[in-house]
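Colleague: Give me coordinates for this.
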Amino acid sequence: LLFAPGTDRRYSNGGYVVLGEIVAKASGRDYYDYVRENVYARAGMIDTDSFAADVLVPNLAAGYTRAWDGEERTSGPRRRNFYTRPARGSAAGGGYSTAPDLLAFATALLGDRLLSPPYTEWFVSGVEPVPGAVPGDRKRGSIGFAGGAPGINALLEIDREAGLALVVLAHDDPPVATALGKTL
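Modeller: Numbers count the residues shown, from 1 in each chain. All right, here's what the predicted structure looks like:
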């Protein structure tokens, strides 16, 4: 271990894959079906899923990368990212979405359609829920999500105090979307 449990945190793709397996075991359902029903459908996300790489999906944008041979570059020719994409997304990432669907996710999250009000508050502001207590000022807190791989970059930022949600998608190498999001 890098640190005692509960004393720090560090992102881990493998940790999220394990979390996806925990969701599947705890729910008794296929992970993808569970997320489709309990996140995407509840949020109204109609164009979001973890599509298999060999399935033709209407209106799915192609990614373009300069890192087609594993070498990161800032210039040179771009190629489709077909060989650098996962065969299918997982709990660690690799899913597909659209700007309207990510905005729908933000709206559903803040509207307590994905979590109860105390757990939405905890998720967005870090204020741990107290059993039986009603969340106080629900106008504070922000949360952001970003991800990317060769030819793919996405950013979702939610700021409750400003009343804004920002979605930036790019079919180019990171940090295109995240850099634009920071500028905005």
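
Colleague: Other residues contacting the helix or strand of the chain with the lowest mean pLDDT?
Modeller: For the chain, counting by mean pLDDT, DSSP states H and E, helix 117-125 ranks last in confidence among helices and strands (a mean of 88). For helix 117-125, the external contacting residues (C-beta atoms under 8 Å, 6 or more residues apart in numbering) are 109-110, 112, 114-115, 127-130, 133-135, 138, 140-143, 158, 160. (C-beta placed from N, C-alpha, C; glycine too.)

Colleague: ok, 10 Å please
Modeller: 108-116, 127-143, 158-160 (C-beta atoms under 10 Å, 6 or more residues apart in numbering).

Colleague: Only the buried subset of those residues, as a ChimeraX command please.
Modeller: Remark: buried members of the contacts of helix 117-125, expressed as a ChimeraX selection using 16 or more other C-beta atoms under 10 Å:
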select :108,109,110,114,127,129,135,138,141,143,158,160
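
Colleague: Could you pull out the strands in the chain for me?
Modeller: For the chain, the strands defined by DSSP state E cover 64-65, 79-80, 142-149, 152-159, 164-170.

Colleague: Looking at the ones you listed, which is nearest to residue 176?
Modeller: strand 164-170 (4.1 Å; C-beta to C-beta).

Colleague: and the angle for that closest one with strand 142-149?
Modeller: Strand 164-170 runs at 0 degrees relative to strand 142-149, counting by axes from the mean of the first three to the mean of the last three C-alpha atoms, to 10 degrees.

Colleague: From the rest of the structure, what touches strand 164-170?
Modeller: 61, 63-64, 97-107, 109-110, 142-146, 148, 151-159, 176-184.

Colleague: remind me, longest helix of this structure?
Modeller: helix 13-27 (DSSP state H).

Colleague: Tell me the buried residues in that helix?
Modeller: Here helix 13-27 shows 20, 23-24 as buried, counting by 16+ other C-beta under 10 Å.

Colleague: What's the separation between residue 167 and residue 95?
Modeller: 15 Å (C-beta to C-beta, to the nearest Å).

Colleague: same question, residue 136
Modeller: Distance of residue 136 to residue 95, given as C-beta to C-beta: 34 Å.

Colleague: Residue 142: what's it in contact with?
Modeller: Contacts of residue 142 were listed using C-beta under 10 Å, 6+ apart, and they are 124-125, 157-162, 164-165.

Colleague: Restrict the contacts of strand 164-170 to the buried ones and give me that as a PyMOL selection.
Modeller: Listed next is the PyMOL selection for buried residues among the contacts of strand 164-170, using 16+ other C-beta under 10 Å:
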select buried, resi 63+64+97+98+101+102+103+104+105+106+109+110+143+146+148+151+152+153+154+155+156+157+158+176+177+178+181
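
Colleague: Now the residue nearest the centre of the chain. Nearest residue, chain neighbours left out?
Modeller: For the chain, residue 145 is the residue whose C-alpha lies nearest the centre (C-alpha atoms, centre = their mean; 5.6 Å). Closest residue to residue 145 apart from its sequence neighbours, by C-beta to C-beta, 6 or more residues apart in numbering: residue 156 at 4.6 Å.
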